[in-house]
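Peer 1: dropping a prediction and its sequence here:
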Amino acid sequence: MQAPDHLERARALDISQSFIVQAPAGSGKTELLTMRFLHALLAVERPSEVVAITFTRKAAAEMRSRIRRFLVDQDPASIGARACAHHLARGFDLIAQPEQLRVLNFDIFFRQIASLAPISSGIARDAQVEEDATALYRDAALETLQNAALSQQVATLLSRLEFQLDQAVGLIADLLAKRDQWLAMTYAPETQDAALAAQIVGQAIAQVLAVLRGAILSDLPAAQISEWIFLANFAQSTLATGIVCSAPWPLASPDTLDEWHALFKIVTTQKGELRKSIDKNAGFLATSKAEKARIQALWVAFAAPAMIAAQSQALSVIPRLRDAAAADHVLGEILTLLRYSAGNLSAAMARRNVTDFTAIAIASRSLMHSDDAKTRMTIAAGIAHLLVDEFQDTSITQFEFLEGLAATWAQSERSDQTLFCVGDPMQSIYRFRQAEVSLFTRAQEQGIGGRRLQSLTLAANFRSEPVITNWVNATFAPAMATPAFGTSRPVHFAPSIAMVPASAASSVQMQAFAVRADEVNFVADAVEAAWAQGERSIALLVRQRRHAAPFVAALQARAIPTVSADALPLAERAWARDFLNVVLALSEREDTLAWAALLRAPWCGVMLPDLTLTAEAAHTQACDWWRGIESVLQANSLSSDGQARLGALHAALAPCLAAMGWRNVADLAEAAWARIDAAACYADFDAESFAALVEVVRAHAGAGRVQDRLALLRAVQKITQHGARDGVQVLTLHKAKGLQFNIVAMPQLARLGRNDAPPLVRWQRFERGAVVAPAPRGSDDPAAPIFAWLKALDAHENAQERTRLAYVGATRAKQRLLLTATLKVDDHGDAVVAPQASLWAVIAAHSPAQWQAGTSNAVADVALGAAPVAPPLLRRASMPASLAAPEALQAAPQSCASYQNPAAQIAARAFGTLVHTWLGQWGRSGKWGEAAQAWLEDALASGKTPAALRPQAIRQFQTMVTRVANCPHAKFIFDPDHRWVRDEQSFVVTTDLALQTLQTLRPDRLICDTGGEVWVIDYKTSTPNGQDERALGEFLTEEKAQYRETMLRYAAAVRSSGLAAPGATIRCALYFPLMSEFAEI
Amino acid sequence: MSAIFITLSEIRPDDLVLTPNQRSARIWAELLAGEALRTHAAAVMPAISPTTAWLVALWSEAQICAAGMSRARADLPRLLSATQERALWGKVIAEHPDSPPMAAPNSLVTEAMRAWRLDQAWDCPKPFLDSDDAAEVNLYALWRGQFWKTLGANRWLTAAQLPRALLSQIEQLRIPKRIVRLPSVQTEPALAALLAAFALRGTQIVGLQYGHLAVADYQKFERPAQEWRAAAAWAKSINAQNPDARIVVVVPQLHAVRHEVQRAFREILAPHVARDAFAEAGAQFNLSLGIRLSEAPFIAAMLDWLGWSQRGDDLATARAAMAAPFIPAAQNWVRNALQKGRTKFSLRDAAAQCAAGHPIHAFIAASGQWPKRCAASVWAAHFSAALAQLGAPGQLPDLAAQQAFAAWEEMLAGLAELDGMLGEISARAVLDELNQRCRAHDFQVEGKDAPIQVLGLYESIGFPCDAMWVSGMSDGALPEPAEANAFLPLAWQLRAHVGRATPHVMMAAAQSVWDQWHAAAPQLILSAAQAIDDAADEWLPVSFARNAAWRAGEIVPAAVIPAAQIEPIFDDLGVPFLAAALPGGATMLERQAQCPFQAYAAHRLQIEPWPAPMLGITAMERGNAIHIAMAALFGQCESYAQWQDAAPETQAQWLDLALAEARSAMEPFERSRRTRGWPQDYADGFFEQLRETLALWMEMIESLRAPYRVVARELPATLAVGGHTINVRLDRVDETAHGQQIIVDYKSGKPKSLTAMLDPAHASALPQLPIYALAHASAAVIAVAYAHVRAEAPSLVGVGDAAAEGLGKRLATLDADGWQHWLEQWRDALAETANNFARGQAGVVPRSPLACRDCQRQGLCRIDFQAHEAPIEEELNDASA
Ligand code: SF4
């Protein structure tokens, strides 16, 4: 069957044109991108000129392997084979070097861009990217708040937060994470100048009103509008307000807000609901019967009641213009703090040579908008065709980068560059990562950076069966068609046409429950049934990962494996928690909670009475728990069971604790873990995850112990676990994007998303500039109305995104879709509707009736009760199997080094090396000029001799040179007439045959003199302490004794290596160039 | 270059063997020694040197010869060490007028040094400036000019220039008979030219060739860890069959996965080591990579001490320094510091925690004598002396620590290299340098030669052995991606195939690596797993072996840990509390009701969660301030009526007094301003706001109430239930004109739920107000309320008899029976709770998930959040939509 949109698909491959493609779920978007990529490859000289940007690394890897499958196509006429041949001819082997295919996500792409210009971008090439820079953000925020020069601004901020410094730091830190969104704004004129700010607010209001006005004029018949105006004016004249609403509709201007309110006052209540009655307060006296009848008729006749209700709500939050100026000084002060914080952050990052993806994104955007045209051109010239996937989740920073790129292309000599943006606004679900869905429409309508994009829309759905596709179309078309509220328009719903045939098993099922346990069982039963029939493509999608926990437990109880990329944090597994307690206890002896937890872990399992005695021991002696443990063990005051268990723990931990400060705590905790056989106590222990956990601990152990435990716990949360590959996939909706499964269950739909703390400032971009408002201090704060307005706009966007989140979840299903929720039941046993912010609310409101069967019997007989609680058990290893005291450890310190100034010793060693070098060379050339000093100075300056010791070294050296030049021993040693000489000849010998121990020997000089005797000579730079003869004699004797063994070993090596002729005499001697002494051994 | 190849056995004692790096020189020395000793007990060894070291030695020779020949000062320039070169680049970049303000000068220096090396080795055409390149290239050209000038003016030379410089001195140099070159990946043009010149003068230059052309076995795995384990098991079995066999396992990117690889090998080859805190990795295998010196904890601690003396006083540095193994421990100071919300902790603060004889005092005295600036080597001496005062490094427990300490001493001594370059510098500058060196220094414990060598990709090149396993051969591992230098003209780099700039060079390098592996050993296994980040679903090997016969590798199962027998025991009864007076006041009862284990842990075991770092005023201090101020205010005026009647000046005086009292009670807190990283005027602002809050409270809340007067403040009372007593303190008792009494409790947080106060069976029942009502032995009490004294939305929330006179809006009123019933209901509930506590009842039975949210003792009570519902933290803000 030919897809209904095959013509669009064909057009999309025209690489002389730029496109923006709306591709709904299941429409084969990746395939399209791949084909376009291949076509683009054929048109460039270097493969790196084609760049495809995906949303995640995983998506990039998938796309790359897809492209590669085409490249290895055996058919020489195929597009893949042609692309391959094209580049092979130019010296690029795409199959052997797949990294030449630039398929990457924005983070990596920006990193590449920034590293092309490390100075201009300010992003050092070797800077480490911090995935979690929270600590840096907090430090930067605190530094700002401590800045004495900002005391005024700080006081303003803190007074609004009841002087909770911690909260202030947290709020600024949160904002720093997304500073790409606001940093530029803090320098914008409208945030510096009160009058300008008020003007922008006015323009923003006008912009919003214009949208509302447009909807009214287009959705209502002219007759209804003029009737409405007439009646509003009638009411105003009754109330004698002097307000006259102008026809055909008040202008979109803040000056006409009174007229707008007058109009809505007669059709909606304060809550924004359509009126059912009206009275004199609204301007309709009891006597005005005719007008009352007319207004009632109008209410009934309204063509778009939902639109009017929504408009009323939108209107009710629009602030008055006078509010804008009043809030200004506070805003200015807060923005100043933010600006400083961003500055502090950059400085701190530079100091530590780290960065974050936000900094990289800001830098890349700035590069593409910089005045330095050469740099811009250099970067832009490296890209000929840019493909952007998931374009609906592009952030404004990324979009602005693309604008800069397109504009730079326009200035270049080439004209064949193209942009290709693919996405689905219906699947835009990353607002929390600054995704801005309205950019999609903007690009469709206005292009990007002056470049027009041709707009295409796909319709064929190659994934879901008709039942699902139809349900999705029927439910989400109305759900997404929300009336205008702010300036952003609702996304355009594009219906899909199923291309896969229907099967008997296909279904969509909605079911609500009153008790969570019932919901859990229902879903688990359904999954179990499918699993039993051999179905392996099953997914459980939840909004927050913690929502999945009871389902995972239920599936595990049914022996169905689950695979969760992100749904089951390692940190919540008992063994991981226990291991972290070992780490924390070793790191901090004062941490009573961690220590007490060790005693209760299954591998120790001390019971409450013994635990209490230990705690009391520590408490009464005012010592840490370790000492407390030692004291109760000594006192033998515990039960025999407790004594044995605690004794075993003590034996296991003692050496590890003693080694703290010498070894990394990760290694020590691992050793402790092994010594107590801890792993044996957990049925779900998993060695690979354990290894990952140990490495995370290591990464967070500065100076060998854990410093920032919050950062450690955050990092542990992020560990991905390896588990079985086969199993029911448990994923959050966000992680499920781009995936598909035969059966999809979406349980817990009545639960809500994350709770974000209210921000310090809110902002929103409008056509003429940004409106920014600080969090108000109480409802009478002048900033409150604007802040509330922005909040309402934001909430509206969130609500729309919720609908899209439900859409993303539902469209993952190929064959069956199961939607369930547990609804709260009130005291009367009536079902209460799901919270408005839940996905259930979205689905239940718009799903056509035939699918709602399961929801009608929502109220089960069982009243909502507390979840059953497991009995309080201590689970522990039985004695004595794993608790036999571990072997004692030989950790006895081996030596005691005392800290001495090493510089002098090291300098002495360095001096010795120089003497050896010089003698070696001198021996070779036999030449030595008076300029020895220059060489020596150089050599000393390049080496480890402190400047202060150099003059002395030079003097000593000069003396040595003079002595050697006149020394008869030296004459012999360096005689050019020797039969042969070897300097620093290496030998290798076995010192212990059984152990195969090797030793390398390197005598300074070997000589075979004219008489055939072989001399082994070593140079020594040591000198006697005293000056007299006796001292010298003693010194030489000592030295000879000291080196005798070494020299004899040299001699033996010379002999057995065959270097000396068999039977030749071998003699050994030490030569002291500083004293012109020669001592034969 | 000569294309003659020789085999290992043909290497002669008078050969010069050049290796790519120091480590391979060492490995080769061992290897040749092993070869040689097969026949002799001792053997003459050829000279083996890394190429760079050889060039440096040649330069030294040239210098000495030149000096020997001339009567005047030798004119050969001095070779800078890498540290010195780095320092010079740093200086040039920092001082150049065209340098922009720089974010990270250190990395620019690194990048510039790299560019300089390529520039010299490939002889980049000059000048750069007329090119159409990015700002980076132009800037580098300027820096380079200055760098070049400085080198010339000082007669300095860098390592990158050596090959060319030596070429000009070739007459002076001894000509080796034969140079044996180990296979290397790339020969830079400048070096090639030098070698060619040697060849012209008679040196025979030969490459090394091994006899094998292995038929490889290809094995695939799911994950890298499986690969490493399989390789370790394979190495173990070969070693068991033939202890002499030299076995190599190659792990590309070894530096990134060092610990994981070590774990896999240790588990299979030396499982006992895992149990020993001090054991080395084992004699059987050796990883070619060590840790960074700064990762050795006691080295890090020494750096921290030096840093602490210079770089301010943050608590993290203090903690790290005080945890050094050579320092006597100080008790409980970390916990105290955190509880007090300290962010700062100076050396002197620490000294105050330590007894008189503690070495910290000597350290402070020593570091106090340091000059502002001096030569780096002098700093090294100062540092050593001050650390010696501390007792550093203490008893070095093992070989690893001894070697790490020796390396540290080398680092310190090496600072002398900066003496001539930078003159007198600050302690901070020299500490930065020291830190950087310790971070960059790869430290490895030198032990015995091991039969199994685990090597990185480049170290393995041309390493002959009996059996080789190359792991990590998944897609993209070979060749590595090309990367151009940002400071050199891009077009030239691509044209001349400079460094790693083009796919072509990378491909050629990869091909040579590949070929050499195949020639290196008679037995070769190549293995591949899915990429480490697990991104692609598809398994793909490197392109070189895409068509090979890959088979599934054998998975080496983890050692079977015999599962411990786990016994579940009912253990919910602790030690009974025998005294009649129970500890902990109302909080204890609230906790016992919420979760008995929580109450037991907190009030019997005295276990509190580790204090989270807290900035500024803690919640407790805030609450205290409000309590004291309110008590003081109502000590002045005993009713709202009196407040209302007072002149504004009098009201102001009362407020002043209340504030002064709160402030004086908070004096220690005020004194700790510096240690908490306070912003300016923070305390002033806080008390100013408190003053406004009190005034607001009077006008917004007290004004609405029926006339009353305060009859008691801070009144001690005792609750007697179930045969136990619990002491509490009532913040305030008011009495109306009709003798009705109302108990008021001050709170600084958000208002509490009314339903939780009403019903003792509520999931988050709040017993505090009923406790007060029951404890205050007066029948006149007809209401109890929380006074939420806050700047924003203050309120009075509580429960009262319907007859209670005007208490405001947020009061749940009960009729007379209801009020009594409420009290009785609570009395029974509290009696049971108190009994439970006294019995030692400590079950892990949280009444609601919310109990766990605030408790944070999950690690101890071992509640399982997979079976229980986790604490709910759902959103409220988007619910408003
Ligand atoms: S975490 Fe929950 S179950 Fe554990 S002690 Fe605290 S309240 Fe009780």
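Peer 2: Noted; the coordinates are in hand.
Peer 1: which SSE is the residue in the stretch 501-650 of chain B that chain A sits nearest to in?
Peer 2: Chain A sits closest to residue B:616 of the stretch 501-650 of chain B, with a gap of 2.8 Å, by CB to the nearest CB. C-beta here means a position set from N, CA and C on the backbone, and glycine is covered the same way. For residue B:616, there is no helix or strand it lies in under DSSP states H and E.
Peer 1: wait, doesn't it sit right on residue A:162?
Peer 2: No. Using CB atoms under 8 Å, residue B:616 is not in contact with residue A:162; the gap is 10.6 Å.
Peer 1: for those two, indicate the residue with more neighbours.
Peer 2: Higher neighbour count among residue B:616 and residue A:162: residue B:616, with 27 against 18, using other CB atoms under 10 Å in any protein chain shown.
Peer 1: nearest spatial neighbour of the more buried one, chain-adjacent residues omitted?
Peer 2: Computed as CB to CB, 6 or more residues apart in numbering or on different chains, the closest residue to residue B:616 that is not its neighbour in sequence is residue A:165, at 2.8 Å.
Peer 1: surely that neighbour and residue B:613 touch.
Peer 2: No. Residue A:165 is beyond contact range of residue B:613, at 11.5 Å (criterion: CB under 8 Å).
Peer 1: between the two, which one's more packed in?
Peer 2: residue A:165 (27 against 17).
Peer 1: that one: what's it in contact with?
Peer 2: Residue A:165 is in contact with A:145, A:158, B:615-617, B:678-679, B:682, counting by CB atoms under 8 Å, 6 or more residues apart in numbering or on different chains.
Peer 1: now with 10 Å, please.
Peer 2: Going by CB atoms under 10 Å, 6 or more residues apart in numbering or on different chains, residue A:165 touches A:141-142, A:145-146, A:154, A:157-158, B:341, B:343, B:614-617, B:676-679, B:682, B:686.
Peer 1: what's the answer for residue B:543, then?
Peer 2: A:68, A:93-98, B:475-479, B:507, B:510.
Peer 1: quick one: residue A:673 from residue A:585, how far?
Peer 2: 12 Å (CB to CB, to the nearest Å).
Peer 1: who touches both of these two?
Peer 2: residue A:656.
Peer 1: quick one, which of these two is more surrounded?
Peer 2: Between residue A:673 and residue A:585, counted using other CB under 10 Å, the more crowded position is residue A:585 (28 against 23).
Peer 1: pLDDT score for the residue of the stretch 351-500 of chain B at minimum distance from chain A?
Peer 2: Per CB to the nearest CB, residue B:377 is where the stretch 351-500 of chain B lies closest to chain A, at 2.9 Å. Residue B:377 is assigned a predicted lDDT (pLDDT) of 91.
Peer 1: now it, nearest residue through space, not along the chain?
Peer 2: Nearest one to residue B:377, counting by CB to CB, 6+ apart, is residue A:946 at 2.9 Å.
Peer 1: again with residue B:555
Peer 2: Nearest to residue B:555 is residue B:226, by CB to CB, 6+ apart, at 5.6 Å.
Peer 1: which secondary structure elements does the helix or strand that neighbour falls within contact?
Peer 2: Using DSSP H and E, the element containing residue B:226 is helix B:224-241. Under the contact definition 3 or more CB pairs under 10 Å, 6 or more residues apart in numbering or on different chains; DSSP states H and E, helix B:224-241 sits against helix A:687-699, strand B:217-220, strand B:247-250, helix B:254-269, strand B:285-287, strand B:452-455, strand B:467-470, strand B:523-528.
Peer 1: buried stuff in the longest one?
Peer 2: Spelled out, that is helix B:254-269. B:254, B:257-269 (16 or more other CB atoms under 10 Å in any protein chain shown).
Peer 1: list just the nearest of those residues to residue A:663.
Peer 2: If you rank the buried residues of helix B:254-269 by distance to residue A:663 using CB to CB, residue B:259 comes first, at 12.7 Å.
Peer 1: surely that closest one meets residue A:667?
Peer 2: Yes. Using CB atoms under 10 Å, residue B:259 is in contact with residue A:667, at 8.7 Å.
Peer 1: need the overlap of contacts for those two.
Peer 2: A:694, A:698.
Peer 1: for residue A:584, which non-adjacent residue is closest in space?
Peer 2: Nearest non-adjacent residue to residue A:584, counting by CB to CB, 6+ apart: residue A:594, 3.9 Å away.
Peer 1: may I have the distance across stretch B:853-861, first residue to last?
Peer 2: With CA to CA, to the nearest Å as the measure, stretch B:853-861 spans 13 Å from end to end.
Peer 1: let me see the contact set for residue B:159.
Peer 2: With CB under 10 Å, 6+ apart, residue B:159 has these contacts: B:52, B:55-56, B:59, B:79-82, B:85, B:113, B:116-117, B:120.
Peer 1: including distance to residue A:457 and secondary structure, could those go into TSV?
Peer 2: Putting these into TSV (distance: CB to CB, whole Å; DSSP: H, G, I helix; E, B strand; the rest coil) gives the following:
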residue	distance to residue A:457	secondary structure
B:52	62	helix
B:55	65	helix
B:56	68	helix
B:59	70	helix
B:79	68	strand
B:80	65	coil
B:81	65	coil
B:82	60	helix
B:85	60	helix
B:113	54	helix
B:116	55	helix
B:117	54	helix
B:120	57	helix
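Peer 1: near chain A, list only the ones from those residues.
Peer 2: On the criterion CB under 10 Å from any CB of the partner chain, B:56, B:79-81 are the entries of the contacts of residue B:159 that sit beside chain A.
Peer 1: list just the nearest of these to chain A.
Peer 2: The closest of the ones next to chain A among the contacts of residue B:159, once distances to chain A are taken by CB to the nearest CB, is residue B:81, at 5.1 Å.
Peer 1: and the pLDDT at residue B:48?
Peer 2: In this model, residue B:48 is scored at 90, pLDDT.
Peer 1: assumed it was part of a strand.
Peer 2: Yes. Assessed by DSSP: H, G, I helix; E, B strand; the rest coil, residue B:48 belongs to a strand.
Peer 1: quick revisit: now the residue nearest to residue B:555: how far from residue B:552?
Peer 2: Taking CB to CB, one finds residue B:226 at 10 Å from residue B:552.
Peer 1: please name the nearest non-neighbouring residue to residue B:640.
Peer 2: residue B:702 (4.1 Å).
Peer 1: wait, isn't the one you found in contact with residue B:638?
Peer 2: No. With contact defined as CB under 10 Å, residue B:702 does not count as touching residue B:638 (11.7 Å).
Peer 1: the two: which is more packed in?
Peer 2: Higher neighbour count among residue B:702 and residue B:638: residue B:702, with 21 against 15, using other CB under 10 Å.
Peer 1: contact partners for the more buried one?
Peer 2: Residue B:702 sits in contact with B:634, B:637, B:639-641, B:643-644, B:708, B:734, B:744, B:787, B:796, B:808, where contact means CB under 10 Å, 6+ apart.
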